[in-house]
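Novice: Quick one, what's the 3D model for this:
(one chain, ligands or ions: 2)
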Amino acid sequence: MTDLATQPITTLKGVGDKFAQVLAKLHIATVQDLLFHLPLRYQDRTRVTPIAALTPGLDAVIEGEVRAADVVFGRRRSLLVRLQDGSGTLSLRFFHFSAAQKNRFARGVRLRCFGEARRGSAGLELVHPETEILGENSPPAEDTLTPIYPLTEGVSQARLRGLAQQALAMLDSGAVSELLPTELLPQAMRYPLAAALRYLHSPPAGTDLAQLAEGQHPAQQRLALEELLAHHLSLLALRRDTAHLRAPALPGDPALERDFLGRLPFSLTGAQQRVCTEIAEDLASSHPMMRLLQGDVGAGKTLVAAMAALRAVGSGTQVAVMAPTEILAEQHRRNFLGWLDPLGIRVAWLTGSLKAAERRKQLAAIASGEAQLVVGTHALFQADVLFHHLGLVVIDEQHRFGVRQRLELREKGAGEAGSVRVQPHQLIMTATPIPRTLAMSAFADLDCSVIDELPPGRQPINTVAISNERRDEVVERVYNAVTQGRQAYWVCTLIEESETLQAQAAESTADELAAALPNTRVALVHGRLKPDEKERVMTAFKAGEVDLLVATTVIEVGVDVPNASLMIIENPERLGLAQLHQLRGRVGRGSVASHCVLLYGTPLSQGGKARLQALRQHSDGFAIAEEDLRLRGPGEILGTRQTGEVQHRIADLQRDAHLLPQVQRIAAAPGLSEGARQQLIARWLQNKPRFAEA
Ligand code: ADP
Ligand code: MG
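Specialist: Ligands and ions are numbered 1, 2, ... in the order given. Here you go, the predicted model:
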């Protein structure tokens, strides 16, 4: 029996070297690859539907006799063919047609058509259907469903279908290896691999199209499980590949940590303590930590980062703390200075906007090791930034978690010591909670810690949704809050990515509010301000010298001003749930009751309504993330939709989330051999380059 994994695609009839190159774009190199190139969906051309039984909006095959074919001149010239079967009549409509085509449709000719029925001006119509003239010996309708494959330029559906049929003819059991031991499969999924592939490439007539479309057929579930397993295994392999890497062991300095904790005005929460211990254990080892720290907005992640930093500094190495925005980096600088300066620790500062002379000075301090902790933006990782002895990298508010980004981060600060590769420990922090099952699969290459407790004394945020038609009431509400000595945010949202447009919108809102609110100190912050201006505004707001801060979503993450207790979010329907939760997390950080007003535009879409409702109902970030997963799917949550990184052939992380516990169980089973693991990864991921980089 030939293993089809070793059969080049050129063994199929009609595939030469040139066409093989086209197929390579679809990651098809072997006959097995072709078999795992699964249809996206199906058409049912097995049954002829009587015209009277057609349902608008659905594809169908009909057969009938041409009664008339006329060119009509409506809004656009078109060819209208009247077709009749025993049950009724309908029209075929063609906007593009040649004289020869028109002549084909002579009265009395019998046609078979395939297309989607729609309601048109002349009753039910098929617009540009596929048509075939029926003769004496025309074959009956197809006997299997018609697969629709993902394509690339230079390959047609018909050609791929032909190739798939050839490959299926070579598919006896054994021709594709059954890599999963049967006993590891759940009972319902003990579906032979060859049978599953055969079924999915040509489902027999009578197959329930709806069940297939929902991915619920056992053959689909069997393959989805295998695919999810392959992705999971590839991340585990990635993790194993780093096993030989070395990092400086950081035992820390207990006296320094005691000193630090003693100066804090509060004590760590239980969750913070637990997470600090987990991190400390990682840091003490000479294997690089790769840990993801999740904690809801306001859970106190910065303090945990500071404890980790102390451990590195106390062990004589440097720490880099990277924030996604200048505003956040500036806030961290202030926090870390306030905490560490009294302990005699030198804090440096590096962002893209430093003047050349200042930048040189900071770079020198970093290179000499004089600077023990460096706070900055991504500018920290430019090529000319050389650390003296980097022990720990902390990345705050990391939103995008693609495997590729993680690999890149891993490379930062890595170096050689003799023949061993040395790299710093890494702590990645996020306030975007990721549902547990999803996290375990998507981040199988990372360790995860969760701060699942807020500092004591937090008041829940009261969230209301008010239509923009009642804007005046909301402005009055801001006025009342401000006259009572409270501070407020007014957040302007725009869908456009353009910072200029966003800035303009925020500027005019700030003007409008300043005019409407006498005796109120209104300030404005947006992405177009110079960094030192941004800093000035944020410092003034933090110091209570500004009552109302009008802002774009630049304040989305991390900003921490406990006295601010009211937030207005304009047009919240434009944002996703996770982003709204982040924004709202800017209030409710102190001990006074906070309020968030979602000032929405009308009319509100169904989706918008559902998001605002979810936000009003839930205050817990994990509950919101589950809701977000339900409403939007995993790509949005993992930030991978834009990068297109997690692309499955048959599995759908959201639909098949219930398979993930099985995936983890099978991956952990000793019954799955090393060879099988590697072959599974190769079969499903075709050794895509992103994993080769590891
Ligand atoms: P996030 O997890 O959103 O980054 P921060 O680190 O900004 O949260 O912390 C939010 C606020 O809670 C800060 O003002 C911080 O000083 C305060 N905080 C952190 N830990 C504690 C604690 N154990 N007790 C009381 N307040 C705390
Ligand atoms: Mg934070």
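Novice: need the strands for the stretch 551-694 of the chain, in chain order.
Specialist: 564-570, 594-600 (DSSP state E, counting those that start in this stretch).
Novice: ok, now the stretch 401-550 of the chain?
Specialist: Under the criterion DSSP E, counting those that start in this stretch, the stretch 401-550 of the chain carries strands at the ranges 415-417, 420-422, 425-430, 447-451, 461-467, 487-491, 522-525, 548-551.
Novice: Neighbouring strands of the fourth one in the sheet, and parallel or not?
Specialist: Just to be clear, that refers to strand 447-451. strand 290-295 (parallel) (DSSP bridges).
Novice: So which bits of this protein are right by ligand 1?
Specialist: Contact residues, the chain versus ligand 1 (CB under 6 Å from any ligand atom): 266, 268-269, 272, 295, 297-303, 431, 455, 558, 560, 562, 589. In short, each C-beta sits where N, CA and C put it, glycine included.
Novice: let's see 5 Å
Specialist: Counting by CB under 5 Å from any ligand atom, the residues of the chain close to ligand 1 are 266, 268-269, 295, 297-303, 455, 560.
Novice: Of those, just the buried ones, PyMOL syntax please.
Specialist: The PyMOL command for the buried members of the residues of the chain next to ligand 1 (criterion: 16 or more other CB atoms under 10 Å) is given here:
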select buried, resi 268+269+295+297+298+299+300+301+302+303+455+560
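Novice: Among the residues of the chain next to ligand 1, which are located in helices?
Specialist: Within the residues of the chain next to ligand 1, residues falling in helices by DSSP state H are 301, 302, 303.
Novice: For residue 522, give me its contacts.
Specialist: 510, 513, 514, 546, 547, 548, 549, 550 (CB atoms under 8 Å, 6 or more residues apart in numbering).
Novice: hang on, the earlier thing: so for residue 682, which of the strands of the stretch 401-550 of the chain sits nearest?
Specialist: Minimum separation from residue 682 across the strands of the stretch 401-550 of the chain (CB to CB) falls at strand 420-422, 25.3 Å.
Novice: For the strands of the stretch 401-550 of the chain, please prepare TSV with the additional fields mean pLDDT and distance to residue 155.
Specialist: Output for the strands of the stretch 401-550 of the chain, formatted as TSV (pLDDT from 0 to 100; distance: least, CB to CB, whole Å):
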stretch	mean pLDDT	distance to residue 155
strand 415-417	64	45
strand 420-422	74	42
strand 425-430	90	40
strand 447-451	89	41
strand 461-467	94	49
strand 487-491	95	48
strand 522-525	94	52
strand 548-551	94	50
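Novice: Pick the most buried one from the ones you listed.
Specialist: strand 548-551 (a mean of 28; mean count of other CB atoms under 10 Å).
Novice: send the alpha carbons of it over as CSV?
Specialist: What follows is strand 548-551, C-alpha atoms only, in CSV (Å, rounded to 0.1, in the frame of the first residue of the first chain):
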residue,chain,number,x,y,z
LEU,A,548,-13.1,66.9,32.3
LEU,A,549,-10.7,65.1,30.0
VAL,A,550,-11.9,64.8,26.4
ALA,A,551,-10.0,62.0,24.7
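Novice: what about it, distance to the chain center?
Specialist: Computed by CA atoms, centre = their mean, to the nearest Å, the separation of strand 548-551 from the middle of its chain amounts to 30 Å.
Novice: So what are the sheet partners of that strand and their directions?
Specialist: With DSSP bridges as the test, strand 548-551 pairs up with strand 487-491 (parallel), strand 522-525 (parallel).
Novice: thinking again about what came up before, of all the strands of the stretch 401-550 of the chain, which one is nearest residue 375?
Specialist: Nearest to residue 375, of the strands of the stretch 401-550 of the chain and by CB to CB, is strand 425-430 at 13.8 Å.
Novice: ok, and what's touching that closest one?
Specialist: So strand 425-430 is contacted by 247, 250, 279, 282-283, 288-295, 301, 304-305, 308, 312, 391-399, 401, 409-410, 446 (CB under 8 Å, 6+ apart).
Novice: Pull out the buried positions in the lengthiest strand in the chain.
Specialist: When the chain is parsed with DSSP state E, its longest strand is strand 59-73. Neighbour-count burial for strand 59-73 flags 59, 60, 61, 62, 63, 64, 65, 66, 69 (criterion: 16+ other CB under 10 Å).
Novice: For it, name the packing helices and strands.
Specialist: Using 3 or more CB pairs under 8 Å, 6 or more residues apart in numbering; DSSP states H and E, the elements in contact with strand 59-73 are strand 77-84, strand 89-94, strand 110-120.
Novice: of all those, which gets the most neighbours per residue?
Specialist: Taking mean count of other CB under 10 Å, strand 89-94 is the most buried of the helices and strands packed on strand 59-73, at a mean of 22.
Novice: mind listing what that one pairs with, with the direction of each?
Specialist: strand 77-84 (antiparallel), strand 123-127 (parallel).
Novice: Next, the angle strand 110-120 makes with that strand.
Specialist: Put simply, strand 89-94 runs at 90 degrees to strand 110-120, going by axes from the mean of the first three to the mean of the last three CA atoms, to 10 degrees.
Novice: related to what we said a few turns ago, of the residues of the chain next to ligand 1, closest to residue 375?
Specialist: Proximity of the residues of the chain next to ligand 1 to residue 375 (CB to CB) peaks at residue 302, which lies at 11.1 Å.
Novice: pretty sure residue 327 is touching residue 537, no?
Specialist: No - using CB atoms under 8 Å, residue 327 is not in contact with residue 537, being 9.2 Å away.
Novice: which of these two has more neighbours?
Specialist: residue 327 (25 against 20; other CB atoms under 10 Å).
Novice: Please identify the helix or strand for that one.
Specialist: Using DSSP states H and E, residue 327 maps to helix 326-340.
Novice: same thing with residue 398?
Specialist: Judged by DSSP H and E, residue 398 forms part of no helix or strand.
Novice: Now do it: how many residues are near it, please.
Specialist: If we define neighbours as other CB under 10 Å, then residue 398 has 20 of them.
Novice: While we're on it, how confident is the model there?
Specialist: pLDDT, residue 398: 72.
Novice: Distance-wise, check it relative to residue 4.
Specialist: To residue 4, residue 398 is 41 Å away according to CB to CB, to the nearest Å.
Novice: what sits in contact with each of residue 327 and residue 537?
Specialist: With CB under 8 Å, 6+ apart, residue 327 and residue 537 have common neighbours residue 525.
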